[in-house]
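A.B. asks: can't give you the sequence, but here's the structure:
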């Protein structure tokens with residue numbers, strides 16, 4: 001396998017690096033986004049009850065153990081507890097946008113890798129064809145087939161590796177983007193409840 005990759009030329013090195021980065025980001029994001037799922041109904045009710053009893057420290061400890069965006073909104077929103085609804089809503093919108101950024105973290109890197117990998121593969125293809133033409137030119141049209149095969153192999157292997165890196169990365173990017181959309185929708189769905197709980201300190205909601 002290593003011998004085959006070596007025949008792919010210089011573009012194989014960045015492609016291998018991209019594949020490692022893509023795998024690492026994908027694993028980390030899957031774990032993070034899976035943990036970001038929680039029962040928001042139970043969470044908000046639990047926070048409401050604790051705030052009714054003025055147990056703010058207990059609320060913080062509960063929320064700090066969660067990675068869900070709604071929990072993040074509640075945790076940061078405790079700094080604005082008791083504010084008027086409009087002012088609180090504006091602050092929570094800023095907090096919400098920060099939560100979305102946390103969910104989308106490193107996804108741009110995956111998109112970049114998925115976009116650039118085929119281009120690197122194409123570059124390797126061009127370099128391999130150029131090598132083949134140089135061999136033909138040096139041999140004045142009568143070249144050793146074995147020597148020509150080196151350039152052709154570089155062209156084909158580079159293209160293949162570029163696609164092997166790009167396709168799974170794009171699939172993973174699409175999957176993770178879908179998870180982000182789900183978590184964002186959950187956050188938007190519970191936004192009004194968060195405003196109510198924090199706006200009244202959990203009382204009479």
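C.D. replies: Ah, there it is. Not measured: the values here are computed from a predicted model. Residues are numbered from 1 along each chain as shown.
A.B. asks: tell me where the model's unsure across the chain.
C.D. replies: 1-9, 132-151, 201-205 (pLDDT under 70).
A.B. asks: tell me which residues of stretch 29-39 are tucked away?
C.D. replies: The neighbour-count check on stretch 29-39 (16 or more other C-beta atoms under 10 Å) flags 29, 32, 33, 36, 38 as buried. Every C-beta, even on glycine, is put in place using the N, C-alpha and C of the backbone.
A.B. asks: the fourth one reaches residue 180, doesn't it?
C.D. replies: Okay, so that is residue 36. No - with contact defined as C-beta atoms under 8 Å, residue 36 does not reach residue 180; the gap is 9.1 Å.
A.B. asks: joint contacts of these two?
C.D. replies: Residues touching both residue 36 and residue 180 (C-beta atoms under 8 Å, 6 or more residues apart in numbering): residue 103.
A.B. asks: which elements pack onto the helix ranked longest in the chain?
C.D. replies: Secondary structure of the chain per DSSP state H: the longest helix is helix 145-189. Counting contacts by 3 or more C-beta pairs under 8 Å, 6 or more residues apart in numbering; DSSP states H and E, helix 145-189 is packed against helix 2-6, helix 12-35, helix 69-77, helix 85-103, helix 107-138.
A.B. asks: the same query, at a cut-off of 10 Å, please.
C.D. replies: Helix 145-189 sits against helix 2-6, helix 12-35, helix 40-52, helix 69-77, helix 85-103, helix 107-138, with contacts defined as 3 or more C-beta pairs under 10 Å, 6 or more residues apart in numbering; DSSP states H and E.
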